[in-house]
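Visitor: Got a predicted structure plus its sequence, pasted below:
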Amino acid sequence: MRSDEARDQNTSMTSSGIGSSSVRYVDQGGGYEVNVLSLTALLIRRRRLLVSLAASSAIVTAIAAIVLPRTYTATASFTPQTKRGSTSSAAGLAAQLGITVPNLDGSQSPAFYADVLKSREILSAVAADSVDLTRDGKSVRVAVGSVIGEGSDSTRRIASAMKWLERHVATDVAQRSGIISVAVTTRSAPLSYQLVADLVDELTKFNLESRQSQASAERKFTEARLRESRDSLRIAESRGQDFLQRNRDYSRSPELSFQHDALTREISFRQQVYSSLAQAYEQARVDEVRDTPTLTITDRPAMPLEPNSRALVIKTLVAAIGGLVVGFLIVVAQEALAGARAITTSRAADEFGAMRGELLADVRLPSQVIVPANRGAPSPTLADRPVSQAANGSDQ
């Protein structure tokens, strides 16, 4: 019995792929734990494959980094200028009337300008512009779409250039200072410089036009409200004048004094509203025609003098590590597949041997096929069965 158990255990270990040339697994209560020593031995045995993959990946990456053209990055940074006052004219008027209106102008946030830089409005304007490049020793002016875009006509080239800019334009917002940085990377230093300059110029133009448009709309609104306020003030003043003409000596009557005070308060209120609207109207007229820059440039675009670093060492190390990881996965997969094949072959042989023995036994004793559970014992009769089983047998 002990020899059979030992033989079965050896067969199980062999069929599980646990040999001197495979990764050893230790049974841990229903699970398996990899034997580190066996895994280390496996890696040492397959070291040539691992080293070859790591070296090949590193060499290919280094050659690609050296062969590919160098790139140049041009940068610029700026901060948006806030409007005079933290609230608009309408909000200031509401504040004078005792109504608190929060500042909801999100167009002054740095994140807004960072998103606008990569908007369709800005990118389409830059893609449709032209840049000065040097070709064959001569300075020529070419369209941006023909340089970075592809297509058979100008419309397709501009659309392609917009997609290219969307991928290669990088923006960043400093959380503490609110400074916005924009960078463009191309294979030409003059092209990178001019693209960054165009982006800043188009953003300045967009911001100026949007503010002028907003000021124009605010002027029209304030102008209409100013006319209404002027009419209301005139009506209140006429009522006060009529009251004084009818009641020259109103101070002796409490009722007339109360009416006089109410008319005076209404006239004073209408005058305050009219004065605020008049100031807002004049400010809107000034803002509508204001053409001063709305961005404060903290780092002007400059021509990049040196190309970007190839980062050859870092790229080579990363490629080598990636090759080692791929080699490790290949080695483990091959060992697991070899173990699975060994397990399948061993189990199939054992099952085939057991089934063949049962088939031969059934062929030699056909009666045992009918009652396989009581081999070697006589088949019970209906009288020998229990009453319930006999009844079920008779019904069947």
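Guide: Received it, and whenever you're ready, just let me know what you need.

Visitor: Count the neighbours of residue 331 for me.
Guide: Neighbourhood size, residue 331 [other C-beta atoms under 10 Å]: 20. Yep, even glycine has a C-beta here, placed from its N, CA and C like the rest.

Visitor: Excluding chain neighbours, what is closest to it?
Guide: Take residue 331 and drop its neighbours on the chain: the residue closest to it by C-beta to C-beta, 6 or more residues apart in numbering is residue 46, 4.8 Å away.

Visitor: where's the one you found relative to residue 319, distance?
Guide: 20 Å (C-beta to C-beta, to the nearest Å).

Visitor: of these two, who's got more company?
Guide: residue 319 (21 against 17).

Visitor: If I look at that one, what pLDDT would I see?
Guide: Turning to residue 319, the model gives it a pLDDT of 90.

Visitor: and if you look at residue 344?
Guide: Reported pLDDT for residue 344: 59.

Visitor: Then the one 10 residues further on?
Guide: Among the per-residue scores, residue 354 shows a pLDDT of 73.

Visitor: going forward can the numbers begin at 145, since that is how I track them
Guide: Got it, the first residue is 145 from now on, which makes the last one we talked about residue 498.

Visitor: does it sit in a helix or strand, and which one?
Guide: Assigned by DSSP states H and E, residue 498 belongs to helix 456-508.

Visitor: again with residue 334
Guide: With DSSP H and E as the criterion, the answer for residue 334 is helix 333-390.

Visitor: For whatever helix or strand comes next after that helix, buried residues please.
Guide: For helix 333-390, the following helix or strand on the C-terminal side (DSSP H and E) is helix 398-433. Neighbour counts over helix 398-433 (16 or more other C-beta atoms under 10 Å) mark 403-404, 407, 410-411, 414, 417-418, 420-421, 424-425, 427-429, 431-432 as buried.

Visitor: Can you name every helix or strand that helix 398-433 contacts?
Guide: Taking 3 or more C-beta pairs under 8 Å, 6 or more residues apart in numbering; DSSP states H and E as contact, the helices and strands that helix 398-433 lies on are helix 233-240, helix 333-390.

Visitor: Could you export those as JSON lines, including distance to residue 320 and mean pLDDT?
Guide: Converted to JSON lines, these look like this (distance: least, C-beta to C-beta, whole Å; pLDDT from 0 to 100):
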{"stretch": "helix 233-240", "distance to residue 320": "27", "mean pLDDT": "53"}
{"stretch": "helix 333-390", "distance to residue 320": "22", "mean pLDDT": "88"}
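
Visitor: Format these as TSV; extra columns: mean neighbour count and distance to residue 315.
Guide: Formatted as TSV, the helices and strands packed on helix 398-433 follow (neighbours: other C-beta atoms under 10 Å; distance: least, C-beta to C-beta, whole Å):
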stretch	mean neighbour count	distance to residue 315
helix 233-240	17	30
helix 333-390	17	9
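
Visitor: if I pick residue 403, what's in contact with it?
Guide: Under the criterion of C-beta atoms under 8 Å, 6 or more residues apart in numbering, the neighbours of residue 403 are 387, 394.

Visitor: roughly how far apart are it and residue 381?
Guide: 15 Å.

Visitor: cool, residue 316 as well?
Guide: Distance from residue 316 to residue 381, by C-beta to C-beta: 58 Å.

Visitor: Need the three-state assignment for residue 446.
Guide: Recorded secondary structure, residue 446: coil (DSSP: H, G, I helix; E, B strand; the rest coil).

Visitor: ok, it touching residue 337?
Guide: Yes - look at residue 446 against residue 337 with C-beta atoms under 8 Å: they come within range, at 6.9 Å.

Visitor: Now list whatever residues contact both of these two.
Guide: Common neighbours of residue 446 and residue 337 (C-beta under 8 Å, 6+ apart) are residue 218.

Visitor: remind me, longest strand of this structure?
Guide: For the chain, the longest strand by residue count, based on DSSP state E, is strand 216-224.

Visitor: Quick check: mean pLDDT of that strand?
Guide: Mean predicted lDDT for strand 216-224 stands at 90.

Visitor: How about residues contacting it?
Guide: 252, 254, 257, 321-333, 336-337, 339-341, 343-344, 351, 438-448, 451-452.

Visitor: Return a ChimeraX selection command for the buried portion of those.
Guide: Filtering the contacts of strand 216-224 down to the buried ones (16+ other C-beta under 10 Å) takes a single ChimeraX command:
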select :254,257,323,324,325,326,327,328,329,330,332,333,336,337,339,340,341,343,344,351,438,439,445,448
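
Visitor: What is the distance between stretch 362-380 and the centre of its chain?
Guide: 49 Å (C-alpha atoms, centre = their mean, to the nearest Å).

Visitor: swap in stretch 259-273?
Guide: For stretch 259-273, the distance to the chain centre is 20 Å (C-alpha atoms, centre = their mean).

Visitor: now swap in stretch 215-223 and tell me
Guide: Worked out by C-alpha atoms, centre = their mean, stretch 215-223 lies 22 Å from the chain centre.

Visitor: same check, this time on stretch 408-420
Guide: That offset, for stretch 408-420, works out to 53 Å (C-alpha atoms, centre = their mean).

Visitor: Quick check: mean pLDDT of that stretch?
Guide: So the average pLDDT for stretch 408-420 ends up being 91.

Visitor: Which phi and psi values does residue 330 adopt?
Guide: phi -140, psi -180 (degrees, to the nearest 10).

Visitor: and what of residue 318?
Guide: According to degrees, to the nearest 10, residue 318 has phi -80, psi 120.

Visitor: How about the one 5 residues further on?
Guide: Backbone geometry at residue 323, expressed as degrees, to the nearest 10, gives phi -80, psi 130.

Visitor: Same check on residue 316?
Guide: phi -150, psi 140.

Visitor: My guess is residue 370 contacts residue 423. True?
Guide: No - with contact defined as C-beta under 8 Å, residue 370 does not reach residue 423; the gap is 10.1 Å.
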